[in-house]
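**Q** Have a look at this prediction, sequence included:
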Amino acid sequence: MNMDWFELSCKQASKLLSQAQERRLGLPERLKLRLHLLACDGCTNFLKQLRFIRTFIRRYRDGDLPE
Ligand SMILES: [Zn+2]
C-alpha cells in the first residue's frame, strides 16, 4: 500500500497551517495536517503560536484589549 499521499514535510505542514488562517482547508489537507501534528512537536508549537496570534489580533480588532 502506498502511504506517500499523507506524508507531509514540516515545510508543507507549516504552509498549510498558514493557509488555514485564511481559507478553509479541504478534507485531505486537514487529515494530512492532523497526522503530521500527531507526530511532530515542532509544527504543533507553530500551530499554538498561530492560534495565539490570531486570538490576539481578533481581540485587538474587536476593541477587547485592556488599556
Ligand atoms: Zn512538522
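**A** All right, it came through fine.
**Q** neighbours around the residue nearest to residue 40 when sequence neighbours are not counted, how many?
**A** Nearest residue to residue 40 in three dimensions, chain neighbours excluded: residue 10, at 6.4 Å (Cβ to Cβ, 6 or more residues apart in numbering). C-beta coordinates here come from the backbone N, C-alpha and C atoms, glycine included. When neighbours are counted by other Cβ atoms under 10 Å, residue 10 registers 12.
**Q** May I ask you to name the longest helix in the protein?
**A** helix 41-61 (DSSP state H).
**Q** which secondary structure elements does it contact?
**A** helix 10-19, helix 27-39 (3 or more Cβ pairs under 8 Å, 6 or more residues apart in numbering; DSSP states H and E).
**Q** Identify each buried residue in the longest one, please.
**A** By neighbour count, with 16 or more other Cβ atoms under 10 Å as the criterion, the buried positions of helix 27-39 are 29, 32-33, 36-37.
**Q** hmm, it touching the ion?
**A** No. Looking at helix 27-39 against the ion by Cβ under 5 Å from the ion, there are no contacts, and the closest approach is 5.5 Å.
**Q** Can you check what angle separates that helix from helix 10-19?
**A** 120 degrees (axes from the mean of the first three to the mean of the last three Cα atoms, to 10 degrees).
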